[in-house]
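Chemist: Here is my input, please return the structure:
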Amino acid sequence: MGEKITKLCKCGCGEAVNQKYKNGPFYDYKRGHYAKAHPPMSNLGSKYSDERKKKISESLKGENNPMYGKTHSKKSKEKMSKAQKGRKHTEETKRKISKAGKGYKHTDEAKKRIGEAHKGQTWMVGEGSPMYGRKHSEETRRKISKSRKGKRKGIPLSDEHKRKIGEGHKGKILTEEIRLKLSKSKKMYIGNIDESHPLWDNFVVPLKLKIRSLIEYKEWREKVFDRDKYACQECGDDKGGNLNAHHKNKGFMEIIIDKEIQTLDDAKSCDDLWDINNGITFCKLCHIEIHKKK
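Modeler: Okay, here's the model as predicted:
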């Protein structure tokens with residue numbers, strides 16, 4: 001009987017392979033050593049071509065998408081949220097996301113689905129809002145302000161745009177907290193102020209607005225503008241819609257308080273309010289600066 005030949009594992013470990021197994025690629029290795037010698041291939045560092053990306057995207061659209069007709073469970077959402085916390089996109093990634101989204105528009109069907117999904121929901125209101133109990137930092141506010149400057153400036157909304165905004169707000173429910181805030185913010189404009197307001201005494205705010213709606217006030221204003229040739233007497237600005245008539249020697253509010261004006265009839269009979277010599281034309285910016293100096 002001939003000498004038995006020992007077959008060694010091809011991974012280089014030097015151990016013998018069990019001879020009872022048949023020949024073949026998997027049987028040239030000791031059990032469990034084939035995977036060590038042939039680690040699984042990885043796509044790490046490789047990049048798909050644009051054509052390949054497009055094909056993958058097309059193949060996963062509609063019913064081919066694994067999540068088609070499904071929604072993530074609350075537990076899954078919490079896990080995904082937890083996994084994303086603390087992560088920040090690099091500037092390059094932000095630029096790519098911005099570039100990819102430029103010019104993209106939802107189809108009418110997609111818009112309809114989004115609208116239907118949001119109807120009657122309060123997830124963005126009150127405690128459901130991601131900004132609930134938080135405030136934007138000064139830097140964030142500055143960035144938001146800068147990004148919005150010049151957008152839609154002087155461009156009126158089209159009827160179609162207004163209709164879409166109206167449709168988008170249909171079915172939305174405001175929380176009681178939001179309603180109270182909106183009500184409080186409007187009180188001083190509709191003359192329904194309470195004792196906590198600094199201008200509660202003599203109901204100065206609503207009376208001031210009513211006086212400025214009088215035909216006498218509008219006539220006084222026009223006469224002041226006409227005399228000053230519709231130009232700011234401080235900087236010379238003569239743009240239409242940018243001018244204010246200012247009570248120079250004795251302020252508008254001072255006259256109301258000093259003359260104890262309580263009603264519109266009191267205002268109409270007060271000569272000091274309608275004295276053209278006490279009026280002067282300023283542009284909006286200069287008018288603000290004049291009041292700051294007082």
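Chemist: need the helices for this structure, in chain order.
Modeler: Assigned by DSSP state H, the chain shows helices spanning 34-37, 50-59, 74-84, 91-101, 108-118, 138-148, 159-169, 176-190, 204-212, 215-227, 252-258, 264-268, 284-293.
Chemist: JSON lines for those, including distance to residue 16 and mean neighbour count?
Modeler: Glycine gets a C-beta too; all of them are placed from N, C-alpha and C. Formatted as JSON lines, the helices of the chain follow (distance: least, Cβ to Cβ, whole Å; neighbours: other Cβ atoms under 10 Å):
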{"stretch": "helix 34-37", "distance to residue 16": "15", "mean neighbour count": "13"}
{"stretch": "helix 50-59", "distance to residue 16": "45", "mean neighbour count": "10"}
{"stretch": "helix 74-84", "distance to residue 16": "46", "mean neighbour count": "10"}
{"stretch": "helix 91-101", "distance to residue 16": "52", "mean neighbour count": "10"}
{"stretch": "helix 108-118", "distance to residue 16": "64", "mean neighbour count": "11"}
{"stretch": "helix 138-148", "distance to residue 16": "68", "mean neighbour count": "10"}
{"stretch": "helix 159-169", "distance to residue 16": "75", "mean neighbour count": "10"}
{"stretch": "helix 176-190", "distance to residue 16": "77", "mean neighbour count": "11"}
{"stretch": "helix 204-212", "distance to residue 16": "98", "mean neighbour count": "16"}
{"stretch": "helix 215-227", "distance to residue 16": "107", "mean neighbour count": "15"}
{"stretch": "helix 252-258", "distance to residue 16": "104", "mean neighbour count": "15"}
{"stretch": "helix 264-268", "distance to residue 16": "111", "mean neighbour count": "15"}
{"stretch": "helix 284-293", "distance to residue 16": "93", "mean neighbour count": "13"}
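Chemist: Quick one: closest of the ones you listed to residue 243.
Modeler: Closest approach to residue 243 among these is made by helix 215-227 (6.3 Å; Cβ to Cβ).
Chemist: For the helices of the chain, which has the smallest mean pLDDT value?
Modeler: Note on those: helix 176-190 shows the lowest mean pLDDT, a mean of 66.
Chemist: Residue 276 reaches residue 222, doesn't it?
Modeler: No. Counting by Cβ atoms under 8 Å, residue 276 does not reach residue 222; the two are 10.3 Å apart.
Chemist: what touches both of those two?
Modeler: Residues touching both residue 276 and residue 222 (Cβ atoms under 8 Å, 6 or more residues apart in numbering): there are none.
Chemist: Looks like residue 286 contacts residue 242 (just checking).
Modeler: No. Residue 286 sits out of contact with residue 242 when judged by Cβ under 8 Å, with a separation of 10.0 Å.
Chemist: dump the residue contacts of residue 207.
Modeler: Listed by Cβ under 8 Å, 6+ apart, the contact partners of residue 207 are 256, 261-262, 267.
Chemist: Quick check: it vs residue 244, distance?
Modeler: Per Cβ to Cβ, to the nearest Å, residue 207 is found 19 Å from residue 244.
Chemist: Kindly report the same for residue 217.
Modeler: 12 Å.
Chemist: before we move on, what about residue 271?
Modeler: Taken as Cβ to Cβ, the span from residue 271 to residue 244 is 22 Å.
Chemist: Counting neighbours, go ahead and name the busier of those two.
Modeler: residue 244 (18 against 9; other Cβ atoms under 10 Å).
Chemist: Quick one: residues contacting the more buried one.
Modeler: Taking Cβ under 8 Å, 6+ apart, one finds 281-284, 287 in contact with residue 244.
Chemist: For the residues you listed, name the two members farthest from one another.
Modeler: 281 and 284, at 11.3 Å, using Cβ to Cβ across the contacts of residue 244.
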